[in-house]
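Q: A predicted structure for the sequence below; I have some questions about it.
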Amino acid sequence: MAMAATADALTPQRERPRGLGIVAIATGLIGFALLASHPMGNAQTFADVLKEEAAYRGMDAVVHGGFIAVLALQLVCYAAFSAQLGLTRVATLAALVFFSVGVAFLAGSMVLDGLVTPAIAARYVAKPDKIESARTLFVLMGTMISFLMPLGLAFQSIAISCWGWALVASGRSRVVGLIGLAMGPLLIAALGVGVTTGNPMALMATIAATAVWAVLVGAVLLRR
């Protein structure tokens, strides 16, 4: 009787990580879908930028708000993943902390880029006499985003390497661990290229890579 009761008490704890594995995979796939849905502008003048930002305000809110929700769900999944690896491991604890810091920076970037900037554009698009005021605000928002997004992705990249180290050390999934160990430095290098050259595609590629990592972690959680 006692053994049966103990087994029943442990069953939900065994099932929960498997369910979170499905959630982690789903967040990775949703991340790819959101990236593909991101509005791409081709404005030539600042007035055109205002028009585009105001016109895509709804889609920007869906895409960037969706990314914030994805980050929150991934944080839950990674917390369970870290608990399985053992939070007494320095690498595991560091990974969870670094990822959390990355979420804070990246969520701030998403709010400014997808919610605040389009709202400013919608307010000033019908006021051509105030266009210089709008330009000043856009410079401020753009400058903040140019720091927040790379910092957030850099912290997440370091977290991926730390999780990779923990996976290799634990022997749970050496292949995924080695992928994580290699992925972190490569993503930081890509971020460096993107920041120095001003190429946004490097940042987008880094976001896509973090989505791939979510799928890999989900696959690990699904394993018994």
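A: On my side now, so go ahead. Numbering: from 1, shown residues only.

Q: which intervals of this protein have sub-threshold pLDDT?
A: 1-17, 224 (pLDDT under 70).

Q: give me that answer again for 90
A: 1-19, 37-56, 122-135, 170-174, 193-203, 222-224 (pLDDT under 90).

Q: residue ranges for the helices of it, please.
A: Here the chain has its helices, by DSSP state H, at 2-37, 46-55, 57-85, 90-111, 117-124, 131-170, 174-197, 200-222.

Q: mind putting those helices in JSON lines, mean neighbour count included?
A: Any C-beta I mention is one placed from the backbone N, CA and C, and that applies to glycine too. Listed next are those as JSON lines, based on neighbours: other CB atoms under 10 Å:
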{"stretch": "helix 2-37", "mean neighbour count": "14"}
{"stretch": "helix 46-55", "mean neighbour count": "18"}
{"stretch": "helix 57-85", "mean neighbour count": "18"}
{"stretch": "helix 90-111", "mean neighbour count": "20"}
{"stretch": "helix 117-124", "mean neighbour count": "19"}
{"stretch": "helix 131-170", "mean neighbour count": "19"}
{"stretch": "helix 174-197", "mean neighbour count": "17"}
{"stretch": "helix 200-222", "mean neighbour count": "19"}
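
Q: Distance check, the residue nearest the centre of the chain against Ala122.
A: Nearest to the geometric centre of the chain sits Leu71, at 5.3 Å (CA atoms, centre = their mean). In this view, Leu71 and Ala122 are 25 Å apart by CB to CB, to the nearest Å.

Q: ditto for Glu52
A: Using CB to CB, one gets 11 Å for the distance from Glu52 to Ala122.

Q: what does Gln74 give?
A: Per CB to CB, Gln74 is found 30 Å from Ala122.

Q: Equivalent analysis for Thr196, please.
A: Noted for Thr196: a distance of 33 Å to Ala122, by CB to CB.

Q: same check, this time on Gly86
A: Using CB to CB, one gets 49 Å for the distance from Gly86 to Ala122.

Q: Ok, Ser157 next?
A: 34 Å.

Q: now do Ala159
A: Here Ala159 is placed at a distance of 36 Å from Ala122 (CB to CB).

Q: Then Ala95?
A: Going from Ala95 to Ala122 by CB to CB gives 39 Å.

Q: ok, residues contacting stretch 50-60?
A: 37, 39, 41, 43, 113-115, 117-122, 124-125, 131, 134 (CB atoms under 8 Å, 6 or more residues apart in numbering).

Q: Alpha carbons only: can I get stretch 140-148 in CSV?
A: C-alpha atoms of stretch 140-148 as CSV (Å, rounded to 0.1, in the frame of the first residue of the first chain):
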residue,chain,number,x,y,z
LEU,A,140,16.2,57.2,-28.9
MET,A,141,14.1,54.0,-29.3
GLY,A,142,16.5,52.6,-32.0
THR,A,143,19.5,53.3,-29.8
MET,A,144,18.0,51.4,-26.9
ILE,A,145,17.0,48.5,-29.1
SER,A,146,20.5,48.3,-30.6
PHE,A,147,21.8,47.5,-27.1
LEU,A,148,19.0,45.6,-25.6
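
Q: All further residue positions should be reported with the first residue as 11.
A: Sounds good: first residue 11 from here, last item stretch 150-158.

Q: contacts for it?
A: Outside stretch 150-158, the residues that reach it (CB under 8 Å, 6+ apart) are 115-116, 118-119, 122-123, 126-127, 130, 205.
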